[in-house]
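Student: Please work out how this folds:
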Amino acid sequence: MHSPDGEPAGCILITRDITERKAAETALRIANEKVNWLTRLTRHDIANQVTALGGYLELLKEEDNPEKKERYLSQASLTIDTIISHLDFSREYQEIGAYDPGWQPLPLLIAQALENIQVPEIEIIRHIEPIAIYADHLFVKVIYNLLENAIRHGDTIRTITISTAGQEDGSLLLTIEDDGKGIAENEKELIFRYGYGKNTGFGLAFARDIAAVTGITLIENGEAGRGARFVLTVPGQGWMETKDLTQF
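Tutor: You can find the predicted model right below:
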């Protein structure tokens, strides 16, 4: 700025908050690293399954016993299902970080997740505040996988409780817990490894990686025999209270 005489009289300082942009850039970098890693892992796993499938087919050509042939056919069919599962999961995983993270209303995420899960005779208790979470666009799958895992593995569960609690350090705890059989102490970290457990072994590992895109951590700290408790810790800058959930 200059005075009427042309002398410097001041200056204008323009600032711009790029916090969300930097967070999105970091999230994209992390997501790309994870996708590259998983692509290598999936390629290796599929190669192993194809080798196994070839072995079963060779055995079928040489076997005359009907019972053994039936067993080999069954194993070959299961191997094909596993390969398809790997391919489907790889396609889904590549969506992590495909879009910028954004603010997502938690009550609506929970409602969307429950729409796709059958919860016969299980009471869903909700103690959640009207808040929004800054997360990857696939975050609804985190909620879905945690709920689905409880229903599938909890056996005798009667209730699932979903709750939120702000912490002194500014973070938020989002907890999903049940009253089922719980998870053994020596498995609390193993359950987050790809390929561990029954079925494909992808759900919980997938959930943890989606959450991690924006710095959200996921652990299990329930008591074996008394139920599982999954805790998502959302950084202080990654959540906010809101009365208008329709703004997102």
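Student: helix or strand for the residue sitting nearest the centre point of the chain, which one?
Tutor: The centroid of the chain falls nearest to Ala207 when counting by Cα atoms, centre = their mean (1.5 Å). Per DSSP states H and E, Ala207 falls inside helix 203-212.
Student: Now do the strands in the protein.
Tutor: Assigned by DSSP state E, the strands in the chain fall at 102-105, 123-127, 131-135, 159-166, 172-178, 217-220, 229-234, 239-241.
Student: which stretch among those strands comes nearest Gln94?
Tutor: strand 131-135 (17.6 Å; Cβ to Cβ). For the C-beta atoms, the positions are set from N, CA and C on the backbone; glycine is no exception.
Student: Name the residues that touch the closest one?
Tutor: 20, 23, 101-106, 109, 139, 142, 164, 172, 174, 210-211, 213-214, 216, 234, 237-242, 245, 248 (Cβ atoms under 8 Å, 6 or more residues apart in numbering).
Student: what's the domain layout of the protein?
Tutor: Using automatic domain parsing, the domain ranges for the chain come out as 19-93, 102-247.
Student: Let me see the mean pLDDT of the shortest one.
Tutor: When you say that, I think you mean domain 19-93. Average pLDDT, domain 19-93: 75.
Student: Next: the longest one.
Tutor: Across domain 102-247, the average pLDDT comes to 88.
Student: can you start the count at 39 instead of 1 from here on
Tutor: New numbering, starting at 39: the last item is domain 140-285.
Student: chain center to it, what's the gap?
Tutor: Domain 140-285 has its C-alpha centroid displaced from the chain centroid by 9 Å (Cα atoms, centre = their mean, to the nearest Å).
Student: count of residues packed around the nearest residue to Glu101 once chain neighbours are set aside?
Tutor: Nearest residue to Glu101, sequence neighbours excluded (Cβ to Cβ, 6 or more residues apart in numbering): Lys107, at 5.1 Å. Neighbour count for Lys107, taken as other Cβ atoms under 10 Å: 15.
Student: Also Leu144?
Tutor: 25.
Student: now the strands of the chain as CSV including distance to Ile122 and mean neighbour count?
Tutor: What follows is those, written out as CSV (distance: least, Cβ to Cβ, whole Å; neighbours: other Cβ atoms under 10 Å):
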stretch, distance to Ile122, mean neighbour count
strand 140-143, 30, 17
strand 161-165, 31, 12
strand 169-173, 29, 23
strand 197-204, 30, 17
strand 210-216, 29, 22
strand 255-258, 27, 17
strand 267-272, 28, 21
strand 277-279, 37, 15
